[in-house]
Each structure stands twice: as C-alpha cells, then as structure tokens.
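Asks: let me see the structure of the following:
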Amino acid sequence: MKLYRILIAAAVMFGAAALTAEAEELPIYSTDILTTLDGVPIQGYNIGGETLISLDDLDDHGFTVAYDDSIRTLFVNKTHEACTETAPEIERSSGGNIIGYTVDTDIKAYVNGHYIKSYVVEGKLAASTETLGDRTKFSRYGISYTAYNMECSYNNDDRMLSINTAPSDEASYEEKLNGFYEYFQADRQYIPADIEEKGDEYTVVLLDENKSDGRTITHIFMIYRNGLFIDISSILDSAYGFAAFPYLTVFEGSISADKTSFSFYGERYKPTGMRSTEFIESGNYSVDLYSGTVSKIS
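Replies: The predicted structure is shown next:
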C-alpha cells in the first residue's frame, strides 16, 4: 500500500506540474478541528473555511482506493469495515497558519460511484467533507440515496467534525434491493434480474435491457450490505466513455466465478452532437467490482 501511495502522489504531482500558470492555488491552513470518519481519526485540512480530507487516506477507513492512469481517475468505494487497530494518531494543531497551497489537477475522483471535485493537498487528492456530507437525496431505480452515502456533524464545543458512512436516514440494504426490483420488474423492456452474491458483502445485480433495434444491453449494479448503492454502468458511462446518448454500449456481461469482476463486450463512442456519436473502438473488457476500474482484455 505504501508503494501505491507513492505512485498516486507521483501521478498527481505530474498532473499538477503539467498545468498552466493560470491554475488557481488556494492556501491550506492548519486547523484545531479534529476530524473523524466512523469514529476513527483522519487528517483534516482547512481551505476557505471548509475541511478537506485526503481521498487516498480512505484506504485505512474501510474504502477500496484505486487509480487508473489511462483515464487519470481515482476511484474510492466504501467496501468493508475500517480496521481500528491501525488507526492513525492525529494531533490537533493551532489553527490559521498557512501550511501550503493547493494545485489544480486534471485527475478526476469518484467516491462511491459519483464524481467529486478534488484538490491536490500534499501530493494527494483531497475532497471537501461538506460536499461528501451533502444531504441532497437522489431518487433513481425505485430507491432514494445520498450522493456519497455519508453525513457530517460538527460539535463546536469539542471542535470535532464527525463523518459517518452510514447516514441515519439512508435506506437499508433490504429496502434498496426491494425498491430496485419493484422498479425494473414493472418495466417490460427489462429481462428479470440475475442476482449474484459474494459472501456477506454485497449483491451484484445484472439487468438485460431489450432495445428496439434487437440488441440486448447489460446493466451492472451493486448493493452492499452496508446500504451503499453503486451504479457500475454510470461509472462506465461517465468515466470510461462506454456510453453515449441515447444508449449504453455494454453487451454480453458475466460475473467471474469468484464474483470479484464483471467481464463484458463493449463498444466505445464519443458524442459529436446532440444526438450523434462517433465510434472509437470495441473489445472485451473487465471491471473490478470493488474499485470500479476497467481493463481491456482483447
């Protein structure tokens, strides 16, 4: 993991150095606020009154963190419980001192399947806790969920910012799974879903959609036992360009025997207009169901 962090830091620093001089730098201030994630301390940074945390550090808090240099994107998904035995010791510092500056980067970040604006802080990508804890509710596929599946609370008396990855008003695993099926079973163009489970961690849901031109397109969804809902198809769409309006181009999908990856035939397009696209390539691909990263097989 240390080597991985070095590679991430190097990739971020390289991306930052490649930007023009017009890139905005924001001062990073020391803070006396102690930030915790699910009760475990995590380093916080003060930028413009907002608290940022390093996305790379989340691999110590029950998240799978993976970087794909081919599309310069960092994927961060809550997949397991944090190991409290290796919790870092975070010391409070006096607030208000400038300890560095952020640098814009072309590296994108996705947390729990959703894009989030990120900054370079000490050679690593960081994101705003205010954004991560945004209480905007989304309704899709018959279920409601928050964008990043987190909530934040602040106690000014103790100067503590608490982040919880299991929001109190978030739908449960059972509610999400039931609502998901009720939505799709009511739509005749979808073939009844196939469920594949990996131990007690998550359910992988595959839905085949019958298109009017005779094609069958596979959609990939993951619903974790902790209530986290991730639309893998949307990641393929927004991050990897396997989709273009008005249809997804993922075909003939299947889950590996150990249920850790999903293999499929895909076609890549790029939009050239409101309703027009240009073909890029096609081939066989595999997506890691923990990280969301994609590799081309052939």
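Asks: which residues of the stretch 51-200 of the chain fall in helices?
Replies: Per DSSP state H, counting those that start in this stretch, the stretch 51-200 of the chain carries helices over the ranges 129-132, 173-185.
Asks: buried deepest among these, which one?
Replies: Among these, helix 129-132 has the highest mean neighbour count (mean count of other C-beta atoms under 10 Å), at a mean of 20. The C-beta positions use only the backbone N, C-alpha and C, and glycine is treated the same way.
Asks: closest to Arg72 out of the helices of the stretch 51-200 of the chain?
Replies: Distance to Arg72, taken as C-beta to C-beta, is lowest for helix 129-132 among these, at 20.3 Å.
Asks: can I get the helices of the stretch 51-200 of the chain in JSON lines including mean pLDDT?
Replies: Listed next are these as JSON lines, based on pLDDT from 0 to 100:
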{"stretch": "helix 129-132", "mean pLDDT": "94"}
{"stretch": "helix 173-185", "mean pLDDT": "83"}
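Asks: so can I have TSV of the ones you listed showing distance to Tyr145?
Replies: Formatted as TSV, the helices of the stretch 51-200 of the chain follow (distance: least, C-beta to C-beta, whole Å):
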stretch	distance to Tyr145
helix 129-132	14
helix 173-185	7
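Asks: quick one, which of these gets closest to Leu207.
Replies: helix 173-185 (5.9 Å).
Asks: with just CA atoms, put that closest one into CSV.
Replies: Output in CSV follows, covering the C-alpha atoms of helix 173-185 (Å, rounded to 0.1, in the frame of the first residue of the first chain):
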residue,chain,number,x,y,z
TYR,A,173,-30.0,-2.8,2.2
GLU,A,174,-33.3,-4.7,2.1
GLU,A,175,-35.3,-1.5,1.2
LYS,A,176,-32.9,-0.6,-1.6
LEU,A,177,-32.9,-4.1,-3.1
ASN,A,178,-36.7,-4.4,-2.9
GLY,A,179,-37.3,-1.0,-4.4
PHE,A,180,-34.8,-1.7,-7.1
TYR,A,181,-36.6,-4.8,-8.2
GLU,A,182,-40.0,-3.3,-8.0
TYR,A,183,-39.0,-0.5,-10.3
PHE,A,184,-37.4,-2.7,-13.0
GLN,A,185,-40.0,-5.6,-12.9
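Asks: okay, now the domains of the protein?
Replies: 2-164, 173-296 (automatic domain parsing).
Asks: how close does the most centrally placed residue in the chain get to Asn155?
Replies: Central residue of the chain (C-alpha atoms, centre = their mean): Val111, 2.6 Å from the mean position. As judged by C-beta to C-beta, to the nearest Å, Val111 and Asn155 stand 24 Å apart.
Asks: got it, and Gly266?
Replies: For Gly266 relative to Asn155 (C-beta to C-beta), the value is 48 Å.
Asks: the more surrounded of these two?
Replies: Remark: of Gly266 and Asn155, Gly266 carries more neighbours, 25 against 11, as counted by other C-beta atoms under 10 Å.
Asks: find the nearest non-adjacent residue to Leu177, please.
Replies: Spatial nearest neighbour of Leu177, excluding adjacent residues (C-beta to C-beta, 6 or more residues apart in numbering): Ile223 at 5.5 Å.
Asks: and the closest residue to Gly96 other than its chain neighbours, how many neighbours?
Replies: Among residues not flanking Gly96 along the chain, Tyr29 sits closest, at 5.9 Å (C-beta to C-beta, 6+ apart). Per other C-beta under 10 Å, the neighbour tally for Tyr29 reads 17.
Asks: contacting residues around Tyr29?
Replies: Tyr45, Asn46, Ile47, Gly95, Gly96, Asn97, Ile98, Ile99 (C-beta atoms under 8 Å, 6 or more residues apart in numbering).
Asks: relative to Arg215, which of those is nearest.
Replies: Among those, and counting by C-beta to C-beta, the member closest to Arg215 is Ile47, at 46.6 Å.
Asks: residues contacting the residue lying closest to that closest one once chain neighbours are set aside?
Replies: Once flanking residues are discounted, Ile47 sits nearest to Leu26: 5.3 Å by C-beta to C-beta, 6+ apart. Residues in contact with Leu26 (C-beta under 8 Å, 6+ apart) are Ile47, Gly48, Tyr101, Thr102, Tyr119.
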